[in-house]
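Asker: what's the 3D shape of this:
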Amino acid sequence: MNYILVKWFSYKKDLNTIKKYFLKYNIINKGGVLMNKLGNWTFIIGFIVAILAGLLITNNSLVNNIWIVSLLVILGLVAGFLNVTQKEATPFLVASIALLAAGTANFGVFDNNYLKLSQVLQAIGIFVAPAAIIVAIKQVYSLASKR
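Answerer: Numbering: from 1, shown residues only. Next up is the predicted model:
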């Protein structure tokens, strides 16, 4: 079906027709590609997974659970690529620094309840770190390419 549509649109050579088709079937919205929504959902899902992982994994073994860590890293990379715009980069990086610093705190020395808080912050740090790296690289590239 896609091949037929591409052929039909190539014969028409009318970009407006393609745009109307994409708008009609929600492939794009008026503001651009729907990747923005994918980035937003990725960020929300990543935070939920990080909080649940921090609360549900026992005995401070979050970093030993390779599947959860891999999922958080992948979600963080996708969120970094799709979610943060140029305008939001600096506040995002400042917030990321705060979250990463809080994630290194060891609240487990106080009580078992604080151990869960420490694990949640650690999981959020695992999720936010790849996004922060991507946004920082995009910022450096943007600053270097302005010349």
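Asker: and the longest helix for this structure?
Answerer: Looking across the chain with DSSP state H, the single longest helix is helix 112-144.
Asker: Which elements pack onto it?
Answerer: Secondary-structure packing of helix 112-144 (3 or more C-beta pairs under 8 Å, 6 or more residues apart in numbering; DSSP states H and E): helix 35-56, helix 66-82, helix 89-103. All C-beta atoms are positioned from the backbone trio N, CA, C, and that covers glycine.
Asker: among the ones you listed, which is the most enclosed?
Answerer: When you average the neighbours per residue for each of those (mean count of other C-beta atoms under 10 Å), helix 66-82 leads with a mean of 19.
Asker: Can you tell me what sits against stretch 62-78?
Answerer: With contact meaning C-beta atoms under 8 Å, 6 or more residues apart in numbering, stretch 62-78 is reached by 38-39, 42-43, 45-46, 49-50, 53-54, 57, 119, 122-123, 126-131, 134.
Asker: rerun at 7 Å
Answerer: The set of residues external to stretch 62-78 that reach it, using C-beta atoms under 7 Å, 6 or more residues apart in numbering, is 42, 45-46, 49-50, 53-54, 57, 119, 122-123, 126-131, 134.
Asker: Could you pull up the mean pLDDT of that stretch?
Answerer: For stretch 62-78, mean pLDDT is 87.
Asker: is it true that Ala53 touches Gly125?
Answerer: No: here Ala53 lies out of contact with Gly125, judged by C-beta atoms under 7 Å, at a distance of 11.6 Å.
Asker: how near is the residue nearest to Ala136 when sequence neighbours are not counted to Leu100?
Answerer: Excluding its sequence neighbours, the residue lying closest to Ala136 (C-beta to C-beta, 6 or more residues apart in numbering) is Leu93, at 6.2 Å. Applying C-beta to C-beta, to the nearest Å, the value for Leu93 to Leu100 is 10 Å.
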